[in-house]
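**Q** Provided below are the primary sequence and the corresponding predicted coordinates.
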Amino acid sequence: MLTDKQLKYKSLLEQEEDARIESVFIYFVSTVLQKIKPGTLISIPKRYIDTYQSKKDYFKSISGLEILELTNNNQDTVWYVYDTSFLTEHLQCQGIKDLLEDNEYNNTKCLDTMLQTLTYRFKNSNFPHEVGVFLGYPLEDVKGFIKNKGHNCLACRFWKVYHDVENAMNMFAAIDNAQSTAVTLLTDNLSMNQVIEQLKIN
C-alpha cells in the first residue's frame, strides 16, 4: 500500500509537463532547502532534458541553490543541486578530505576543483561512490559501501548503512518529513516561490 507521501507525489506526476517538472525539482531539493543534506541528485531522462534546461536558471534563482550538470554512461543527465555554503562547510571534515584524496581529488581546498573532479569521474566511471559525501551521507556509510562493494549493509533506505543505524534512521525520518512537507505544500495550490519559502522556514 502506498503511503500518503507516495500518493500525493504520484498525483503530482500526473500534472502537465511544466508543473510536473517544477514539482519534481522541489520534491528532490526539499532536503537541501531544509539543511538536512548539502546536495541532492535529480536524474533526468533524455525526453525531458530540454524542458529542464529551459528552467535551469529559473530554478537556481528561485531556490538560491546551484546546479551542476553531470552525465553518466547511459547518457541520461543527472543534476547535482547543492547549497554552496553548506557543502563547503561539510567537505571541510578531514575524514571526507582523506576519502576524496584517495579517489583522485587532488585539491580538496577548493570547492570548484572538487566539483570539476566529481563531474569528470561521473562521466568516466559507472558511478563514483564517493558522491555520497557530496549528498551528505555519513562518511562511515560511504566508506563501508566502497569497502563492501555495496554488500553486507546493516540497513538500507535512501542509502546503505554500515555504521550508526540509529543516526541513519533519524536522517531517513528527517528526509521523509521534508519530502512529505514538500508534496503537501505542492498540492495546496501554492506558487513555487511560496512552497520554497515555506520549506526554508519549516
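**A** Right, received. Where do you want to start? Everything numeric here is computed off the predicted structure, so don't read it as measured data.
**Q** I'd like to know which elements the helix or strand that contains Val32 is packed against.
**A** When elements are assigned from DSSP states H and E, Val32 belongs to helix 17-33. In this structure, helix 17-33 makes packing contacts with helix 4-12, strand 39-44, helix 49-63, strand 77-82, helix 165-186, helix 192-201, judged by 3 or more CB pairs under 8 Å, 6 or more residues apart in numbering; DSSP states H and E. No exception for glycine: its C-beta is placed from N, CA and C like everyone else's.
**Q** tell me the most buried of those?
**A** Taking mean count of other CB atoms under 10 Å as the contact definition, the stretch among the helices and strands packed on helix 17-33 with the greatest mean neighbour count is strand 77-82, which reaches a mean of 20.
**Q** angle of that one against helix 49-63?
**A** Counting by axes from the mean of the first three to the mean of the last three CA atoms, to 10 degrees, strand 77-82 points 10 degrees away from the direction of helix 49-63.
**Q** next helix or strand past strand 77-82?
**A** Downstream of strand 77-82, the first helix or strand assigned by DSSP H and E is helix 84-90.
**Q** Give me the pLDDT for the closest residue to Thr113 other than its chain neighbours.
**A** Counting by CB to CB, 6 or more residues apart in numbering, Thr113 lies nearest to Asn107, which is 4.3 Å off, once chain neighbours are set aside. According to the prediction, Asn107 has pLDDT 93.
**Q** could you say which helix or strand contains Asn107?
**A** Asn107 is located outside every helix and strand, with elements delineated by DSSP H and E.
**Q** any idea how far it is from Leu91?
**A** 12 Å (CB to CB, to the nearest Å).
**Q** okay, and the common contacts of those two?
**A** Where contact means CB atoms under 8 Å, 6 or more residues apart in numbering, the residues bridging Asn107 and Leu91 through contact with each are Met114.
**Q** Look up the closest residue to Tyr137, ignoring the ones flanking it.
**A** Nearest to Tyr137 is Trp159, by CB to CB, 6+ apart, at 4.9 Å.
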